[in-house]
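A.B. asks: Next input, structure requested:
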Amino acid sequence: MRVRPDHPLRRFFAELVHKHLATTAGIHEAEVTTYISGVLIDFTLTDNLYRVRNARGKRLEAVADMLIESNPVLDGRSFFYEREVRKHIGDYTLFLTGLFPEYVHRIGKSGVRVDAFIDYMHAGKESYRVVASFDQFEFRDAAPVFHRMSERFELCVFGLNLMKQELEQNQRNWYNGVRQTLEM
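C.D. replies: Below you'll find the predicted structure:
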């Protein structure tokens, strides 16, 4: 499932990502900011957030399970499948560490889930590095973007953290404005 090309969320996320990644985090690369805003749009649909499934069709929510699924020596189906799952791991960890760091922190403290042993920042950065290593044939043009995403993973997370803060502040301002209007 996809979000329409003309949906207003596309422009909204593109502007916010550009503002916080380019202006504040110093990532002045259109391909990277466009890619990240595309990830945000893609993940507005829950099915896309949890698109990786194991061989039995069960959706995988834990990064550790996705890493096992991606490995062509273990459960992975092929090297092309490894690239696809690693790309998703990079996107998934970027999304969660950037917009929901409290969730990632809670997982790390849980000790119950297998992901308590996974460093999301390292897993995302490493996954984008693996995707970038697929630099031949049909993947040649995309490889440099993933290489830069791997190199600047922490800055991308920082930019998304700032974006989240702005969204939360806007939500508080809106709520306070409505509340003041109702109290008149």
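A.B. asks: show me where the protein has helices.
C.D. replies: Assignment of helices within the chain using DSSP state H yields the ranges 8-17, 30-42, 46-49, 63-70, 79-99, 101-110, 120-133, 143-151, 153-183.
A.B. asks: how about the CA coordinates for the second one, as CSV?
C.D. replies: Taking Å, rounded to 0.1, in the frame of the first residue of the first chain, the C-alpha atoms of helix 30-42 are listed here in CSV:
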residue,chain,number,x,y,z
ALA,A,30,18.7,16.4,-1.4
GLU,A,31,18.8,12.7,-2.0
VAL,A,32,19.2,12.0,1.8
THR,A,33,16.4,14.4,2.9
THR,A,34,14.1,13.1,0.1
TYR,A,35,14.8,9.5,1.1
ILE,A,36,14.1,10.2,4.8
SER,A,37,10.9,12.1,4.1
GLY,A,38,9.9,9.1,1.9
VAL,A,39,10.5,6.7,4.8
LEU,A,40,8.3,8.8,7.1
ILE,A,41,5.5,8.8,4.5
ASP,A,42,5.9,5.0,4.0
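A.B. asks: And that helix, what's buried?
C.D. replies: Within helix 30-42, the residues scored as buried using 16 or more other CB atoms under 10 Å are 32, 33, 35, 36, 37, 38, 39, 40, 41, 42. The way it works is simple: take the backbone N, C-alpha and C, and place the C-beta from them, glycine included.
A.B. asks: Show me where the chain dips below the pLDDT cut-off.
C.D. replies: Scanning the chain with the threshold set as pLDDT under 70 gives 1, 75-76, 110-112, 184.
A.B. asks: Give the closest residue to residue 153 in space, chain neighbours not counted.
C.D. replies: Residue nearest to residue 153 in three dimensions, not counting chain neighbours: residue 125, with 4.1 Å by CB to CB, 6 or more residues apart in numbering.
A.B. asks: pretty sure that neighbour is touching residue 152, no?
C.D. replies: No: the criterion here is CB atoms under 8 Å, and residue 125 misses it with residue 152 at 9.2 Å.
A.B. asks: burial count for residue 129?
C.D. replies: Applying other CB atoms under 10 Å, we find 17 residues neighbouring residue 129.
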